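Participant: Task: produce atomic coordinates for the following.
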Amino acid sequence: MRIRPASADDAERIGRLFVDSRATLTFLPNLYTDEETMDFIANIVMRDQQVLVAETGGAITGFIAMHEDVVHHLYVRPDLRRHGIGSALLDRAKERMPSGFRLWVFQQNLPARRFYEKHGLHVIEETDGSRNEERTPDALYGWTPNGT
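Facilitator: Numbers count the residues shown, from 1 in each chain. I've put the predicted structure just below:
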């Protein structure tokens, strides 16, 4: 596996991975068509965020999108979870944001919460979801190098 900066040519494969991963979060409402989601990845995420991809054998197996001190997206291909891909991507976030960062996760996404907590992130705030478009309870996590 190697991690590299994403290019515009990766947008469709990143978008497909995002759609497939979000489909496993069955508690979320489906707000957008796949086409709208693919457009969001290609024309917003790829333009406005620093995106890295994990690649294995030429296939994109995960990605992370960051901006300033926020991780906006971290997704791994559903069939390859628990193989170190997410850990490697999160380590890159720690390298690129050594002073710390924040990210949001849905409260019902227990595997993601366990993953982040295992990697030293802690809950800053839990909300009722009224501030996200899915209207689904979420939690703000933070990471700092000293663990505070």
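Participant: The strand ranked longest in the chain: how far from the chain's middle?
Facilitator: As assigned by DSSP state E, the longest strand anywhere in the chain is strand 59-67. Centroid separation between strand 59-67 and its chain, computed with CA atoms, centre = their mean, to the nearest Å, is 7 Å.
Participant: in it, what counts as buried?
Facilitator: 60, 61, 62, 63, 64, 65, 66 (16 or more other CB atoms under 10 Å). Placement of C-beta: from N, CA and C, glycine included.
Participant: That strand: partners in the sheet, and parallel or antiparallel?
Facilitator: strand 50-56 (antiparallel), strand 70-76 (antiparallel) (DSSP bridges).
Participant: what's the next secondary structure element after the last one?
Facilitator: In the C-terminal direction, the helix or strand that comes right after strand 70-76 (DSSP states H and E) is helix 85-96.
Participant: From the chain's centroid, how far away is stretch 24-36?
Facilitator: Centroid separation for stretch 24-36 versus its chain: 15 Å, with CA atoms, centre = their mean.
Participant: Over to stretch 117-125?
Facilitator: 15 Å.
Participant: which residues touch that stretch?
Facilitator: The contact list for stretch 117-125 (CB atoms under 8 Å, 6 or more residues apart in numbering) reads 87, 90, 102, 103, 139, 140, 141, 142, 143, 147.
Participant: Report the buried residues of that stretch.
Facilitator: So, applying 16+ other CB under 10 Å, buried residues of stretch 117-125: residue 121.
Participant: Regarding it, how distant is the last residue from the first?
Facilitator: Stretch 117-125 stretches 14 Å from its first residue to its last (CA to CA, to the nearest Å).
Participant: ok, now how distant is residue 51 from residue 75?
Facilitator: According to CB to CB, to the nearest Å, residue 51 and residue 75 sit 11 Å apart.
Participant: Please read the previous query as pertaining to residue 126.
Facilitator: 22 Å.
Participant: So between the two, which is more surrounded?
Facilitator: Ranked by neighbour count (other CB atoms under 10 Å), residue 126 and residue 75 place residue 75 first, with 23 against 11.
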